[in-house]
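>>> with the input below, show me the fold.
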Amino acid sequence: MIAILGGGVAGVSSAIALKQAGFEVCVYERSMAPSNIGAGIVVWPNAAFVLERIGVLEDIKAVSGYPRQMRRLSSSGEDLGAISIELINQTMGYPSMSILRRDFQAILIAKLEALGVDIRYGHAVTNIETSDRARAQVSFQNGTTIEADIVIGADGRMASYARQYVKQDNKPVYQGFVNWIGVFESSEDVFEDISVADYWGIGERFGIVPITKNKAYWAGGVASDELGQRKPSEYKSDLRVIFSNWPTTVCKMIDETPTASINKIYVHDHDPMSVWHRNNLLVIGDAAHAPLPTSGQGACQALEDAWHLSQCLSENAGDLQNAFSEFTQLRYEKTSNIIMAARGFAASLFNRDKDYCHTRNENSKKTDFANVSRAMSRAWSSGLPLRIVS
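Below is the predicted model of the structure:
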């Protein structure tokens, strides 16, 4: 039996892929009920490939938007160029989709339940014991102890017990900026087309990802040296002050999003680590490789983990350590590159030097965005059997 710790994207998608490959699995989630940290995600073609393999792509398509491009704009609304998402789709052979995280997670959970796999909520890990010759033991705060042949740690970036067990350190790295995230829904059409709008300021950023003409999720970010308090009653007023002089659409997102639909996140990631397993425990998803949201690839890489993990365990049925080593070797370089690229992009976006930001924006205008789209396609296709069209 495989015990999966964590009921997020990595945990649930891995449970689906492993069950479909013939393994017995059970998912243990620390929260008391399904949670939807994050407002939404863009499902890039590499993730769409995995969703097709686990049989949920059509369900995802039915509730998603299909963005055409990622537009870059200054905080005053000046056009800084655009990355063609349509070109990425053509190059990689799968669609890109924008979807609310709650809808995405609900589809994954429904698929898992249809396969007869439980998610056992209210199971916060308190102890793990593993062996290379015997079954692992996992104890939970609710008094339950379980045994499993394999333990998969998919318990997130902020307090992963599994990462602590493997690395003896699970402290995430604060990257110097805070994101307010929200979900906007209107009875009127607001977006002329379904394209991502990424506004760049000086130490500030606001991104809007439409799903339909009247629904979107968004993130407003600002450089912050220190971790502050979270006061939900002040989120909207704080945002109004920071983004008061930004384009009308930005202000509309803030003003017309219910306060209850806004969350505040002090953004952390993890340094890459080369060892992802200890005895019969393996970490995946954010527990292994947590990139910043500037990567656009967090959920996508969790899905890739699910596909590769089922492949590696199936192909190495008699040799667990070889399966884990092969999995890590397949995933380490790609995920590490994504982590470091996301850090570099965040450092540029949240730079507080006016001259630097002016030069950054001018350079964006001169960018060959067709080459950018092709480079992104090549990077995101790495390790997957996708037929790249040049």
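
>>> which ones are touching the spatially closest residue to residue 278 that is not a sequence neighbour?
Leaving aside its chain neighbours, residue 278 sits nearest to residue 166 (4.7 Å; criterion: C-beta to C-beta, 6 or more residues apart in numbering). Yep, even glycine has a C-beta here, placed from its N, CA and C like the rest. Residue 166 makes contact with 153, 273, 275, 276, 277, 278, 281, 283 under the criterion C-beta atoms under 8 Å, 6 or more residues apart in numbering.

>>> 10 Å instead, please
Neighbouring residues of residue 166 by C-beta atoms under 10 Å, 6 or more residues apart in numbering: 128, 130, 153, 160, 273, 275-279, 281-283, 287-288.

>>> go through these and say which is closest to residue 260.
Using C-beta to C-beta, residue 160 comes nearest to residue 260 of the contacts of residue 166, at 28.2 Å.

>>> neighbours around that closest one, how many?
26 (other C-beta atoms under 10 Å).

>>> repeat for residue 116
That count, for residue 116 with other C-beta under 10 Å as the rule, works out to 7.

>>> low-confidence stretches in the stretch 1-150 of the chain?
The model of the stretch 1-150 of the chain has pLDDT under 70 over residues 36.

>>> ok, back up a step: with the contacts of residue 166 in mind, which one is nearest to residue 378?
Taking C-beta to C-beta as the measure, residue 378 lies nearest residue 288 of the contacts of residue 166, at 22.9 Å.

>>> need the pLDDT of the closest one.
You'll see residue 288 listed with a pLDDT of 98.

>>> give the closest residue to it in space, chain neighbours not counted.
In space, residue 288 is closest to residue 276, 5.0 Å off (C-beta to C-beta, 6+ apart).

>>> what does residue 12 give?
Distances taken as C-beta to C-beta, 6+ apart place residue 108 nearest to residue 12, at 4.5 Å, with adjacent residues excluded.

>>> what about the one you found, which SS state?
Of the three states, residue 108 takes helix under DSSP: H, G, I helix; E, B strand; the rest coil.

>>> count of neighbours near it?
Per other C-beta under 10 Å, the neighbour tally for residue 108 reads 24.

>>> if you count neighbours, what's buried in stretch 55-69?
Of the residues in stretch 55-69, 56, 57, 59, 60, 64, 65, 67, 68, 69 count as buried by neighbour count, 16 or more other C-beta atoms under 10 Å.

>>> if we can go back for a sec, could you measure the residue nearest to residue 12 against residue 148, distance?
Noted for residue 108: a distance of 21 Å to residue 148, by C-beta to C-beta, to the nearest Å.

>>> equivalent analysis for residue 237, please.
For residue 237, the distance to residue 148 equals 48 Å [C-beta to C-beta].

>>> so which of these two has more stuff around it?
Neighbour totals were compared for residue 237 and residue 148, and residue 148 leads with 22 against 12 (other C-beta under 10 Å).

>>> now that one: closest residue in space, sequence neighbours ignored.
Spatial nearest neighbour of residue 148, chain neighbours left out: residue 3 (3.7 Å); criterion: C-beta to C-beta, 6+ apart.

>>> wait, that neighbour touches residue 144, no?
No. Using C-beta atoms under 10 Å, residue 3 is not in contact with residue 144; the gap is 11.3 Å.

>>> how far does stretch 20-34 stretch from one end to the other?
Stretch 20-34 has an end-to-end distance of 22 Å (C-alpha to C-alpha, to the nearest Å).

>>> so what's the residue nearest to residue 148 up against?
When contacts are counted by C-beta under 10 Å, 6+ apart, residue 3 touches 25-28, 120, 123, 128, 135-138, 146-153, 281.

>>> how does it look with 6 Å?
Going by C-beta atoms under 6 Å, 6 or more residues apart in numbering, residue 3 touches 26, 146, 148, 151.

>>> so which helix or strand takes in the first one?
In the assignment (DSSP states H and E), residue 26 maps to strand 25-28.

>>> residue 333: what secondary structure?
Following three-state DSSP, the label given to residue 333 is helix.

>>> which pLDDT does the model give it?
Reading off the model, residue 333 has pLDDT 98.

>>> that's a helix at residue 126, yeah?
No. Applying three-state DSSP, one finds residue 126 to be strand, outside a helix.

>>> mind pulling up the pLDDT for the residue nearest to residue 278?
Value listed for residue 166 in the pLDDT field: 98.

>>> kindly report the same for residue 318.
Looking at residue 318, its pLDDT stands at 85.

>>> help me confirm that it is found in a helix?
No. Applying three-state DSSP, one finds residue 318 to be coil, outside a helix.

>>> residues near it, how many?
By other C-beta under 10 Å, the residues close to residue 318 number 6.

>>> can you give me the strands in the stretch 251-390 of the chain?
262-269, 277-278, 281-283 (DSSP state E, counting those that start in this stretch).

>>> sorry, that was for the stretch 101-250 of the chain
So, for the stretch 101-250 of the chain - with DSSP E, counting those that start in this stretch - the strands run 119-120, 125-129, 136-140, 145-148, 150-153, 173-185, 196-200, 204-212, 215-223.

>>> would you turn those into a markdown table with distance to residue 312?
Output for the strands of the stretch 101-250 of the chain, formatted as a markdown table (distance: least, C-beta to C-beta, whole Å):
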| stretch | distance to residue 312 |
| --- | --- |
| strand 119-120 | 23 |
| strand 125-129 | 21 |
| strand 136-140 | 18 |
| strand 145-148 | 17 |
| strand 150-153 | 11 |
| strand 173-185 | 28 |
| strand 196-200 | 34 |
| strand 204-212 | 33 |
| strand 215-223 | 33 |
